[in-house]
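> The following block contains a protein sequence and its predicted model.
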Amino acid sequence: MTDVQEAYRLLVADVYELAGTSRRTSEAIAATTGQTSARWHVLSVLSGGPATVATVARRLGLARQSVQRVGDDLVADGLVARHDNPDHRTAPLLALTGAGREALTALVARGDAARARVLTEAGVTARELLDCRDVLRRLTAALSASP
């Protein structure tokens, strides 16, 4: 084993830990607005425009069925609407409603405030985060290209 392989394993372990901690804190933030982090994630994806459940699931790396359940709940609560999909008759498009945009705006505002405190406490810079992101994206691309 080389130093770079060991460093990679340590990085991956830390990424998993960060992701888990971030999910837990996101869940707590979402709860303050009567939402869940799953609903927040779907709303965030739909903020980029209408999408099918399958598209949202791929983007989030989740099973289509779990996104379907969340989407159904968001529709029932009036935060998301279903629209005909001209490209696929049986796969409607999900789109944010005005109430959905308001809910997402509230979630983002609370999340940004909480994350600002964390980033200040951690003493990280935007450059450091962007450099980290670059490394993670290169690793993801290389892993995706591997058999």
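Yep, it's here.

> Every contact and neighbour count from this point should use C-alpha atoms.
Noted.

> how far away is the residue nearest the centre of the chain from Leu104?
The chain has His41 as the residue nearest its centroid, 4.4 Å off, counting by Cα atoms, centre = their mean. Distance from His41 to Leu104, counting by Cα to Cα, to the nearest Å: 9 Å.

> hang on, the earlier thing: which strand or helix spans the residue nearest to the centre of the chain?
Assigned by DSSP states H and E, His41 belongs to helix 37-46.

> now Ala95
Assessed by DSSP H and E, Ala95 sits inside strand 93-96.

> Just the residues contacting that strand, thanks.
43, 46-47, 49-53, 71, 79-85 (Cα atoms under 8 Å, 6 or more residues apart in numbering).

> Check stretch 43-50 too.
Against stretch 43-50 from outside (Cα under 8 Å, 6+ apart): Val56, Arg59, Leu93, Leu94, Ala95, Leu96, Gly100, Arg101, Leu104.

> Figure out how far that stretch is from the centre of its chain.
A distance of 11 Å separates the centroid of the chain from that of stretch 43-50, by Cα atoms, centre = their mean, to the nearest Å.
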